[in-house]
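A.B. asks: Turn this into a model:
(2 chains)
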Amino acid sequence: MKIATYNVNGVNGRLPVLLRWLNEAAPDVVCLQELKAPQENFPEKAILDAGYTALWHGQKSWNGVAILSRIGDIQEVRRALPGDPEDIHSRYIEALVGGITIGCLYLPNGNPAPGPKFDYKLRWFERLTLHAAALFATGAPVVLTGDYNVMPTELDVYKPERWVDDALFRPETRLAFKTLVEQGWTDAIRKLYPNEVIYTFWDYFRNAYSRNAGLRIDHFLLSPHVNDRLVAAGVDRHVRGWEKSSDHAPVWITLADK
DNA sequence: ATGCCGTGGAAACCACGA
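C.D. replies: Have a look, this model is predicted:
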């Protein structure tokens, strides 16, 4: 079973690239972020024609998350994090797919920091951490994946010294990620590649991709039962080099059949 | 050191992203 995450940065503008990658990579389950489309403008027909059923939570202009499956039903569990009914951003959707609970998330960017956007990021992180603890406590197989907007360590940034005051790398942000992981989750890429420079995002400008000036901010956190099945993980880095690509590349894991 | 680029929506600029 292959599960992937991809921040598409506009699902309609990105549709040709998304379909090309789906056809090439053939993931069984896909989490998408930054749809940037209202609920009624999700390209459901094109996704269905590509062989995937879809569950999505759209929002006009910004945010938006989706889960795609080509291995059967997507049973929706929730389409928001608990803890703040005032939060109207579409940043989380959770479903049961193929016997695994999939949490698809788009954590707030948080810049500029400090400030209200950074406060929102940290509050959102706390809500995610509380919800993750509840999921973990069930003992069920869970995958929490998406754009975390966090570089967990200096290894995950091309020039760490330039990012120390940024909302994606500030000590509070890194501590929040560490606190979440230490509930018992496994960072799939770092388990398999503990010391390699691996990025999932490259800026559109300053030739960031060709200079490999990247960040690792899209992550897979696995509960113990899923971790036991982990056989491979990677980044489809070349997709970032395609025409009209997102600034993120797809990230994926492969799990052994039960 | 920096939205220099890209997207969406509204309006021919602006908000937002990382």
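A.B. asks: Quick check: bridge partners of A:Trp252?
C.D. replies: Beta bridges link A:Trp252 to A:Ala4, A:Gly234 when assigned by DSSP bridges.
A.B. asks: Next one: it, what pLDDT does it get?
C.D. replies: pLDDT for A:Trp252: 98.
A.B. asks: likewise A:Arg78?
C.D. replies: Confidence score, pLDDT, at A:Arg78: 98.
A.B. asks: Number of residues surrounding it?
C.D. replies: By other CB atoms under 10 Å, the residues close to A:Arg78 number 13. Placement of C-beta: from N, CA and C, glycine included.
A.B. asks: which residues touch it?
C.D. replies: A:Tyr92, A:Ile93, A:Glu94 (CB atoms under 8 Å, 6 or more residues apart in numbering).
A.B. asks: who does it bridge with?
C.D. replies: A:Glu94.
A.B. asks: Skipping its backbone neighbours, what lies nearest whichever residue of the stretch 1-150 of chain A sits closest to DNA strand B in space?
C.D. replies: Closest to DNA strand B within the stretch 1-150 of chain A is A:Gly10: 2.6 Å, counting by CB to the nearest atom of the strand. Leaving aside its sequence neighbours, A:Gly10 sits nearest to A:Lys36 (CB to CB, 6 or more residues apart in numbering; 4.4 Å).
A.B. asks: so that neighbour makes contact with A:Trp56?
C.D. replies: No - using CB atoms under 8 Å, A:Lys36 is not in contact with A:Trp56; the gap is 11.9 Å.
A.B. asks: For these two, list the residues in contact with both.
C.D. replies: By CB under 8 Å, 6+ apart, the residues touching both A:Lys36 and A:Trp56 are A:Gly64.
A.B. asks: Just confirm A:Leu96 is within a strand.
C.D. replies: Yes - using DSSP: H, G, I helix; E, B strand; the rest coil, the assignment for A:Leu96 is a strand.
A.B. asks: got a list of what it touches?
C.D. replies: Contacts of A:Leu96 (CB under 8 Å, 6+ apart): A:Ile74, A:Gln75, A:Val77, A:Ile102.
A.B. asks: And A:Asn111, by the same measure?
C.D. replies: With CB under 8 Å, 6+ apart as the criterion, the residues that contact A:Asn111 are A:Lys117, A:Phe118, A:Asp166, A:Ala167, A:Leu168.
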